[in-house]
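Participant: Predicted structure and sequence below. I'll ask about it afterward.
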Amino acid sequence: MGFSRTGFFNQSLAVTLCPLNSRFMSIEISHLTKLYGEQKALDDINLSIHKGEITGLLGPNGAGKSTLMKIITCFIPQTCGELWVEGLNIKDNSLEIRKKLGYLPENNPLYPEMYIKEYLAFIAGIYKIRNFQSKIDEIIEITGLAPEIHKTIGKLSKGFRQRVGLAQALLNDPSVLILDEPTSGLDPNQLVEIREVIKKAGRQKTVIMSTHIMQEVEAVCDRVIIINKGKIVADDKTENLSRYTGGSRIIQVEFDKKADLLSLKGSVGVLKVHQEGPRCLIFSKGEVDIRAAIFKYAVDHDLTVLSMSENQRSLENIFREITSGR
């Protein structure tokens, strides 16, 4: 089921309000900094996000992801810097911006004594949505809540409570959808269903999704932003993120017996060697093909190469390298 484009901010007006020219941008962030006392939660963040783009926001615990989301959603103010949402400066247009947002926070605060439709009607009243009953029925269908509609929220599983949170975030047909750990508590079947909901939303909305589940990012997101210690340390399409690791390659090789491969570190292009018995991982510079050096090493040391392959870096491995320096 599709999402309407009604209620979008007039783009010609946005150009006059946003000096960064938001004609093609949904979110513009310039030199954004947030301090908690002397602790710098966000450190000079610069960012532009297009409409119709699903962006994965990754980072270790305490990196600043939730702080950034809370500033975008007007829950807390920035210390300094500028932020525009749909062309509106957040300092002067907080209430107007909130009308354009859908937000699913990490803790997903709900009223456990309410029935699902009762709760969604309450949210619709806050947004002053006309003909809200039909809108509620549409959102229940989209988020797959129909089987549990007779229950109060307190009797729902964690996965269905997440669906209720997502339903309230979509109810006002927001231009910008902010999702903090949206798939927490979902079983594998529910994951597939909610992925499709997020993908459909991303066709016409700006979606920012924070998660620790790397498979979700690879399955859903067009773009990945990695924050570490309050700074953006990577920002690109998922398939291009390996360039932030220095563009190194990993060759996995197995010999017929254990060998001391430390001498390979002296070979041209070899960065490091990780050995586990006869199997080892050899990290090399991306532009250097070290396979010939490995075969020569095997011949010189009376070894037989049983297998050799190049490992494709997973998003999880890339994330660890970028945020831990390993």
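Facilitator: Received it, and whenever you're ready, just let me know what you need.
Participant: rest of the way, CA atoms for contacts and neighbours
Facilitator: Fine.
Participant: hey, where'd the strands end up in the stretch 1-150 of the chain?
Facilitator: 25-36, 39-50, 54-58, 80-85, 88-89, 101-104 (DSSP state E, counting those that start in this stretch).
Participant: which helices and strands does the fifth one pack with?
Facilitator: This means strand 88-89. Helices and strands touching strand 88-89, as assessed by 3 or more C-alpha pairs under 8 Å, 6 or more residues apart in numbering; DSSP states H and E, comprise helix 11-17.
Participant: now the helix it packs on: mean pLDDT?
Facilitator: Averaged over helix 11-17, pLDDT sits at 37.
Participant: and the longest helix seen in the chain, which residues are buried?
Facilitator: In the chain, taking DSSP state H as the definition, the longest helix is helix 188-202. Using 16 or more other C-alpha atoms under 10 Å as the test for burial, helix 188-202 gives 190-191, 194-202.
Participant: Dump it to CSV, restricted to CA.
Facilitator: Listed next in CSV are the C-alpha coordinates belonging to helix 188-202 (Å, rounded to 0.1, in the frame of the first residue of the first chain):
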residue,chain,number,x,y,z
PRO,A,188,12.5,-13.4,11.4
ASN,A,189,9.1,-13.3,9.7
GLN,A,190,8.2,-10.0,11.3
LEU,A,191,11.6,-8.6,10.2
VAL,A,192,10.8,-9.3,6.6
GLU,A,193,7.4,-7.6,6.8
ILE,A,194,8.6,-4.5,8.6
ARG,A,195,11.5,-4.2,6.2
GLU,A,196,9.0,-3.9,3.4
VAL,A,197,7.0,-1.2,5.3
ILE,A,198,10.2,0.8,5.7
LYS,A,199,11.2,0.4,2.1
LYS,A,200,7.8,1.5,0.9
ALA,A,201,8.0,4.6,3.2
GLY,A,202,11.4,5.3,1.8
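Participant: So which of the strands of the stretch 1-150 of the chain is the most surrounded?
Facilitator: Among those, ranked by average contacts under mean count of other C-alpha atoms under 10 Å, first place goes to strand 54-58 (a mean of 25).
Participant: next one: that strand to chain centre, how far?
Facilitator: 2 Å (C-alpha atoms, centre = their mean, to the nearest Å).
Participant: what do you get for stretch 74-93?
Facilitator: Distance, centroid of stretch 74-93 to centroid of chain: 21 Å (C-alpha atoms, centre = their mean).
Participant: remind me which residues of this structure are low pLDDT?
Facilitator: 1-24, 242-243, 245-247, 265-266, 268, 286-287, 312, 325-326 (pLDDT under 70).
Participant: how about the helices in it?
Facilitator: 11-17, 65-72, 94-98, 116-127, 132-143, 158-170, 188-202, 214-220, 291-300, 315-324.
Participant: which one of those is the most hemmed in?
Facilitator: helix 158-170 comes out most buried of those by mean count of other C-alpha under 10 Å, with a mean of 23.
Participant: what angle sits between that helix and helix 132-143?
Facilitator: 130 degrees (axes from the mean of the first three to the mean of the last three C-alpha atoms, to 10 degrees).
Participant: Report the central residue of the chain.
Facilitator: residue 56 (1.8 Å; C-alpha atoms, centre = their mean).
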